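Engineer: fold the following.
(chains A, B and C)
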Amino acid sequence: MLLKRSYVLGATMVALALVTTACGSTGGTSGASSSPKGTITIASFNFSESIILAHIYGDALQNKGYTINYKDKLGNREIVGPALENGQIDLYPGYAATDLTFFEGKLGLTADASSDAQHNVSRLNAVLSAKGIKALNPSPAVDQNAFAVTKAEADANHLTKLSDVSSVAGQWILGGPPECPQRPFCEPGLKQTYGLQFKDFKSLDAGGPLTYAAFRSGQINIGLVFSSDGGISANNLVVLQDDKHLQQADNIVPLIRSAVDNTEVTALLNSVDSKLNTADLTNMNKSADIDKNDPTDIASTWVKDHGF
Amino acid sequence: MLTTGVVGAVTDPWIRWDWTVRHLDVIGAALAQHIELTVIAVGLGVLIALPLGFLAWRERFLRGSVFSLTGILYTIPSLALFSFLIPFTGLSILTAEIGLVSYTLLILVRNIVTGLDAVPAEVREAARGMGYRPLKQLLQVEIPLSIPSIIAGVRIATVTTIGLVTITALIGEGGLGSLILDGLIRDFKTPLLIGTVLSVALAMFADLSLAGVQRLVTPWARGTAAT
Amino acid sequence: MTFIGQVIQWFLNGSHWTGDGGIPHRLLEHVAMSGASLLAAMLIALPIGIVIGHIGRGGNLAINISNIGRAIPSFALLVIAVELGFGIGAVPAFIALVALGIPPMVTNSYLGMREVDADVREAARGMGMRERLILWRVELPIAIPFIMAGIRTSAVNIVATATLAALVAWGGLGRFIVDGLGQQDYPMLYAGAILVAVLSLIVEFSLAGVQRLVTPVGLRTSKSGKEEEPLGTALDTAGILAA
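Structural biologist: Numbers count the residues shown, from 1 in each chain, chains lettered A, B, ... in the order given. This next block holds a predicted model:
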C-alpha cells in the first residue's frame, strides 16, 4: 500500500542520515583514547608554516602521551587570539612581536614590541598572565612581515630598502591580507615609520597564491610576504630591506593556556623551539607550498629527525 | 590546458594520483561531512516545510506571505545569508545549517502546496463522502497523493543544497568545499579537482536516486514517460 | 551601542561612500560585472538552446551537459578559473560567471522551444511557413516565458556568485563581506550582506516583472501571479541552483 511504502522510505532516509552522521568524521582528533595526560587543542593560522609548527608541537606532545586535538587553518589572529583567550583552544604557535602588539592593542596598551625577542616574550607574559595564558621560550626561528617587489621593479627603480620606495609610493598599489590596513606592522606602520602613502590597497591573502598572482599580473607593485616564505625567489621577487626597523622580533613562540601547561609540556616545547631555526622554516614552507607536500607529513618528518 | 601553477614556475598537474591515494581518508571525511550537512539540511527543511506548506495551502491569505518570505530567503546569496547569522551564531555548524535549511524552504513549500493543490476535487469529494474526517483525509489521501510533488521538491532541494554546502567552507565547515578552498589557499589543483568532481558526482547521484524514488512512489505514473 | 546601531553607524560613515572602496564604486563594479557576464552568457546560451529546441535534436545531450554544468559549485568555478591561469580579479571572475550563467539559459530556452505543440509546428509547416518564420513567429513567442525564466535564474546566480568573486581578489559588494570576515569587522560584514541581499532582490523582482511583461497574455499562468517555471516538468531535472 502506498502509505506503508512511503513510511518505509521515510524510515530508511532517517536511518541513512543517522548512519552517515555516526560515520562522518568532522573533527581532527588523533590519538586512540583519552590518556591520563589529558587533551590539548592546538590551533594554526591559515597558512602552511603555522600548520607545520602546530603539528610539530602536537606530534612531540603526542609522543609523550598527550592526546592532541587540532583546529587547523582556524583563521587569522583576529580569530585565533580570542579563541585562546576563551579556552576554545589551548595552544598555538605565535610570533613574538606580532602577538604582543595584537594583545596590547586589544587592551589599549601602547605597543612596545622591540627587536629583542626576550623582551617581547616577557612583555607577552606580563600582558597575558591575567588571562591565564603563558608565552614559553622564543625560538631562534624567525618569520616576520616583509615587503617585496618584483625583481624587475627593484632593478628598474634601484630599490634595495623600504625607504627607497618613498619616491614612488604615491603611484603604487600595496597588496596584503584583509587585515593589513589595521595591523601596525603593515599599512599603518609603513605610513608612520616610512611615510609611505600608497595609491591603493588590494585585499589579497597573507603572502599566498593571490599575492603572488597579483605580482605576476602587475596588479600590485609591492606586497606583504613572509620572510620565510617558500615562494619569494621562485616568483622572482625581492624583499626590500626593513632599514627603519618597522618589523620587530617575530620569533616563533608557543602561546599556551596555563591550565593545560605543566613542567613536562613546558620543557618539551622549549626544547622543540630551541631546535627550530629560520632555515628549517624556509625549507619546510617550500616543501609545502611549492612541492605540495602535506604540512602534517613535513611536521612529523622534522619531529622524527630531531628526536622528539 | 595550462598546467603552470599560480605560484612560481613549478608545474602543478591537475591531478596528482599519489596525493589522492595517500589522502583517501581526508577525501572520505570531506565527502561524509558533505553528505551529513546535506541530509540534515534537507531533513530539517522537510520538517519545517511540511507544516508551513500545509498552512500556506489551507489558508490562502497566508500563501502570498509564505512564498514571499521563503522566496526572499532563497534569493539572498548564501554568503550574505551566512553573514547575517555569523555575529549571532558564530562560525559554526549551526550557522551553516540555518542558512542551508533556509534555501530549501521555498522549493519544498512550493512543491508541497502544488502537490496538495493537485489532488483532484473528485478524490477529495469521494473521501469526504466515505466519511473521512479532515485529519484522516489529509494523512491518508491528500498527503500521499502529494508525495510525488514533494519528492520532486526534495530532489531539487537536495541538488541545490549539495552545491551550497561547498560555500560553508568559508565559515569553517565545508564538506567537499574544504578541498576546493584548500586548492585556492595552497594554489593546489588536485584537491580542487577532486572536490569539484565529487561534488558534481554526488549531486548527480542524489538527483538520479531521488528520481528513482519518485518513480517508485508513483506506480500510476510509471506507464507514462518519466522525466 | 547595539550591533544594529553599529551597522547603521557604518552606513552613516561618509568615508564608506567615497573612493574605490566605497559603496557606490563597489556597487557599480558588481552590477557592471554581473551585467556584462549575463550578456555574454546570453549571447552564447540562447542561440544554442533556441536552435537545438527548434531542430529538436541533441536536446538530451544539451540538457545533460547543462545539468552537469549546473551541478558544479559556483565557488569551484571561480577557483578553477584562477587555476586555469587566468590570474586573479576581474578576468577569472568574468569567465566563471559566464560559465555559470550558460547552463540555465540553454536548458530553459530548449525546453521553451519544445513547449510548442508538435501539431502547431506541423500546421505552420503545412501552411508553407519558412523555418525562420516558424522560429520567430510561432516558437519564440511561446518559448519566451521559459527563456525569461532562464535569464532570470542566471541573473540571480551571477549576482550571487559575483559576491564570492571577492575571494579571488576581485571587488564588488562581496569585498565588504570577505574583508569583514578577515578583519573580524562585523558591522562591515553585515553592511555588505545587506547591500548584496538588497541588490539580489531588486534584480530578482525586476526580472520577474520583465518576465511577466514579455509573456504573451494568452500564456500567462496562474493565480498568484508570482508563479514561476512550471513544476513537475523536465525543468525539475535541471534543478535550480543558487550560489
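
Engineer: sec struct for whichever residue of the stretch 1-150 of chain A sits closest to chain C, please.
Structural biologist: Proximity of the stretch 1-150 of chain A to chain C (C-beta to the nearest C-beta) peaks at residue A:78, 3.9 Å away. Using the backbone N, CA and C atoms, a C-beta is placed for each residue, glycine as well. Here residue A:78 takes the helix state, with states given by DSSP: H, G, I helix; E, B strand; the rest coil.

Engineer: in three-state terms, label residue A:94 for me.
Structural biologist: Residue A:94 - assigned by three-state DSSP - is strand.

Engineer: number of residues surrounding it?
Structural biologist: 31 (other C-beta atoms under 10 Å in any protein chain shown).

Engineer: for the closest residue to it other than its chain neighbours, what are its contacts?
Structural biologist: Computed as C-beta to C-beta, 6 or more residues apart in numbering or on different chains, the closest residue to residue A:94 that is not its neighbour in sequence is residue A:255, at 4.3 Å. Contact partners of residue A:255, counting by C-beta atoms under 8 Å, 6 or more residues apart in numbering or on different chains, are A:84, A:91, A:92, A:93, A:94, A:99, A:124, A:128, A:133, A:134, A:135, A:136.

Engineer: make it 10 Å
Structural biologist: Counting by C-beta atoms under 10 Å, 6 or more residues apart in numbering or on different chains, residue A:255 makes contact with A:43, A:80-81, A:84, A:89-96, A:99, A:103, A:121, A:124-125, A:128, A:133-136.

Engineer: before we move on, back to that, skipping adjacent residues, who's closest to the residue of the stretch 1-150 of chain A closest to chain C in space?
Structural biologist: That would be residue C:184: by C-beta to C-beta, 6+ apart, it lies 3.9 Å from residue A:78.

Engineer: in this structure residue B:97 contacts residue B:164, no?
Structural biologist: No: using C-beta atoms under 10 Å as the test, residue B:97 is too far from residue B:164 to be in contact (11.1 Å).

Engineer: between these two, which one's more packed in?
Structural biologist: Neighbours per residue (other C-beta under 10 Å) separate residue B:97 from residue B:164, with residue B:164 holding more: 27 against 19.

Engineer: isn't that one up against residue B:41?
Structural biologist: Yes: at 8.3 Å, residue B:164 and residue B:41 qualify as touching, with contact defined as C-beta under 10 Å.

Engineer: who touches both of these two?
Structural biologist: B:96, B:99, B:100, B:103, B:104.

Engineer: residue A:256: which element?
Structural biologist: Per DSSP states H and E, residue A:256 falls inside strand A:252-257.

Engineer: ok so residue A:149 is a helix residue?
Structural biologist: No: under three-state DSSP, residue A:149 falls outside any helix and is assigned strand.

Engineer: just give me the neighbour total for it.
Structural biologist: Considering only other C-beta under 10 Å, residue A:149 is surrounded by 25 other residues.

Engineer: so it bridges to which residues?
Structural biologist: residue A:238 (DSSP bridges).

Engineer: ok, the residue most central in space within chain B to residue B:204 distance?
Structural biologist: The structure's chain B has its C-alpha centroid closest to residue B:158; by C-alpha atoms, centre = their mean the separation is 2.6 Å. Taking C-beta to C-beta, to the nearest Å as the criterion, residue B:158 is separated from residue B:204 by 11 Å.

Engineer: same thing with residue A:304?
Structural biologist: From residue A:304 to residue B:204 the distance is 43 Å (C-beta to C-beta).

Engineer: of those two, give the one with the bigger neighbour count.
Structural biologist: Taking other C-beta under 10 Å, residue A:304 and residue B:204 do not tie; residue B:204 has more neighbours (16 against 11).

Engineer: returning to what we had before: and for the residue of the stretch 1-150 of chain A closest to chain C, the neighbour number?
Structural biologist: Neighbours of residue A:78 (other C-beta under 10 Å): 18.

Engineer: my read: it touches residue C:183, true?
Structural biologist: Yes: counting by C-beta under 10 Å, residue C:183 is a contact partner of residue A:78 at 6.6 Å.

Engineer: could you name every residue contacting both of those two?
Structural biologist: With C-beta under 10 Å, 6+ apart, residue A:78 and residue C:183 have common neighbours A:178, A:179, A:182, A:183.

Engineer: now residue A:209: how far from residue A:153?
Structural biologist: Applying C-beta to C-beta to residue A:209 and residue A:153 gives a distance of 20 Å.

Engineer: quick one: which of these two has more around it?
Structural biologist: Using other C-beta under 10 Å, the more surrounded residue of residue A:209 and residue A:153 is residue A:209, with 26 against 19.

Engineer: quick one: pLDDT of the more buried one?
Structural biologist: On pLDDT, residue A:209 comes in at 88.

Engineer: quick check: chain neighbours aside, which residue is closest to it?
Structural biologist: Nearest to residue A:209 is residue B:187, by C-beta to C-beta, 6+ apart, at 3.6 Å.

Engineer: so the one you found is in contact with residue C:82, correct?
Structural biologist: Yes: using C-beta under 10 Å, residue B:187 makes contact with residue C:82 at a distance of 8.5 Å.

Engineer: quick one: contacts for whatever residue of chain C ends up closest to chain A?
Structural biologist: Taking C-beta to the nearest C-beta, chain A has its nearest neighbour within chain C at residue C:182, 2.8 Å off. Shown in contact with residue C:182 (C-beta under 10 Å, 6+ apart): A:46, A:75-76, A:78-79, A:177-180, A:182, A:203, A:205-206, C:189.

Engineer: just those now: which is nearest chain B?
Structural biologist: Of the contacts of residue C:182, the one sitting nearest to chain B (C-beta to the nearest C-beta) turns out to be residue C:189, at 5.1 Å.

Engineer: the helix or strand encompassing that closest one packs against which elements?
Structural biologist: Using DSSP H and E, residue C:189 sits in helix C:186-214. Secondary-structure packing of helix C:186-214 (3 or more C-beta pairs under 10 Å, 6 or more residues apart in numbering or on different chains; DSSP states H and E): helix B:60-75, helix B:78-89, helix C:3-12, helix C:23-55, helix C:140-164, helix C:174-183.

Engineer: for the helix or strand following the fourth one, buried residues please.
Structural biologist: Downstream of helix C:23-55, the first helix or strand assigned by DSSP H and E is helix C:59-71. By neighbour count, with 16 or more other C-beta atoms under 10 Å in any protein chain shown as the criterion, the buried positions of helix C:59-71 are C:59, C:62, C:63, C:66, C:67, C:69, C:70, C:71.
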